[in-house]
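Asks: Okay, sequence plus prediction incoming.
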Amino acid sequence: METRELRYFVAVAEELHFGRAARRLGIAQPPLSRAIGGLERRLGAALLERGSRGVTLTGAGAVLLREARAALDAVEAAERRTRRAALATAGRPAVVLAAKAGACDELLAKLLDAYSAEPGAAEVDVVLCGPGEQARVLRDGRADVALLHRPFDDTAGFDTEDLYTEGQVAILPAAHPLGVRPHLLLAEVTGLADLPLPRWPGPDGAFPDGPGPQVRDHTQLTQLIALGRACAVVPESGRTGLREGLTAVPVLDAPRVTTVIAWPPHSRSTAVAGLVRAATSL
């Protein structure tokens, strides 16, 4: 299969409409239909059900959609990392590190300081991501290495080293009655009707249903908590540098969070190796 065919199929599978997919791809609809038909004949499987009510994926089509997305991500990742390797050869070495905005700030600062002290250290470009985005930017090649957090981030397919494990705390307005408690249970936090948990966007950019406010970044979240519109449960390190008007209370039964440094298993980058070495030495 060619990458062109995979892109064509993904467009149709996501749009579930040949006309919209053709417009998205910038091509006419007939050659798109012919390409999908040819792909089905070569695979010996129907990928799409075409009917008067529209287009739906078959079981085989759902499998190909998942595999095609992964394959296209791998191609994009290869292109991006090759370009960075070319820049390094030209004397402009750099490594891209992805981290969650507002998380493990102290660790990140120590890591960058430790790595910069290594002989021949490359320039580190830090990409600060929203929740769950670090793994995605690492998979598609926008980053060379990332700080991820289990059990929230998907580390499948990466090489990883555990850095530390911590409990979680509830971030509340300082004046809230629960703010003076020595600890809380998760059910107490999730049951706060006056302080609903925030809703973060999913990989497709859509927000899940729920009563909590829509949130896109850490700064927005802390402001909403200070205004008494939300609360949050975050790793214990999130209490560092809390703004005025907020308090952190340990949540005894919240899942423990392990911060890991992750990188693609096939990486041969000396800069990535240096960052991993610096992180595990802290």
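Replies: Sure thing, it's come through.
Asks: Which elements pack onto the lowest-mean-pLDDT helix or strand in the chain?
Replies: Least confident helix or strand, the chain: helix 59-89 with a mean of 80, by mean pLDDT, DSSP states H and E. Secondary-structure packing of helix 59-89 (3 or more CB pairs under 8 Å, 6 or more residues apart in numbering; DSSP states H and E): helix 3-15, strand 94-100. Where you see a C-beta, it was placed from the backbone N, CA and C, and this is true even at glycine.
Asks: What are the boundaries of the helices in the stretch 151-282 of the chain?
Replies: 186-190, 218-226, 270-280 (DSSP state H, counting those that start in this stretch).
Asks: now for these, which one comes closest to residue 74?
Replies: Shortest distance between residue 74 and the helices of the stretch 151-282 of the chain, using CB to CB, is found for helix 270-280: 17.3 Å.
Asks: I'd like to know how far the residue with the largest distance to the centre of the chain sits from residue 21.
Replies: Most distant residue from the mean C-alpha position of the chain: residue 52, 37.4 Å away (CA atoms, centre = their mean). The gap separating residue 52 from residue 21 is 18 Å, by CB to CB, to the nearest Å.
Asks: what does residue 143 give?
Replies: Applying CB to CB, the value for residue 143 to residue 21 is 29 Å.
Asks: More neighbours: those two, which one.
Replies: residue 143 (28 against 23; other CB atoms under 10 Å).
Asks: what ranges of the chain fall below the confidence cut-off?
Replies: Within the chain, the ranges that satisfy pLDDT under 70 run 84-93, 203-204.
Asks: swap the cut-off to 80 and go again
Replies: Within the chain, the segments meeting pLDDT under 80 span 52-54, 74, 76-94, 102-104, 131-132, 202-205, 240-241, 268.
Asks: Could you dump the helices of the stretch 151-282 of the chain into a markdown table and include distance to residue 232 and mean neighbour count?
Replies: Output for the helices of the stretch 151-282 of the chain, formatted as a markdown table (distance: least, CB to CB, whole Å; neighbours: other CB atoms under 10 Å):
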| stretch | distance to residue 232 | mean neighbour count |
| --- | --- | --- |
| helix 186-190 | 9 | 15 |
| helix 218-226 | 6 | 19 |
| helix 270-280 | 26 | 19 |
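Asks: could you dump the ones you listed to a markdown table with distance to residue 134?
Replies: Shown next, in a markdown table, are those (distance: least, CB to CB, whole Å):
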| stretch | distance to residue 134 |
| --- | --- |
| helix 186-190 | 24 |
| helix 218-226 | 13 |
| helix 270-280 | 14 |
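Asks: now for those helices, which one comes closest to residue 197?
Replies: Of these, nearest to residue 197 by CB to CB is helix 186-190, at 6.4 Å.
Asks: what about the closest residue to residue 80 other than its chain neighbours, how many neighbours?
Replies: Leaving out its chain neighbours, the residue that sits closest to residue 80 by CB to CB, 6 or more residues apart in numbering is residue 141, at 3.6 Å. Using other CB under 10 Å, the number of residues around residue 141 comes to 21.
Asks: how near is residue 141 to residue 79?
Replies: 7 Å.
Asks: for residue 232, same thing?
Replies: Noted for residue 232: a distance of 37 Å to residue 79, by CB to CB.
Asks: Between those two, tell me which one has more neighbours.
Replies: The neighbour count for residue 232 versus residue 79, taken as other CB under 10 Å, is higher for residue 232 (23 against 11).
Asks: partners of the more buried one in the sheet?
Replies: With DSSP bridges as the criterion, the beta-bridge partners of residue 232 are residue 171.
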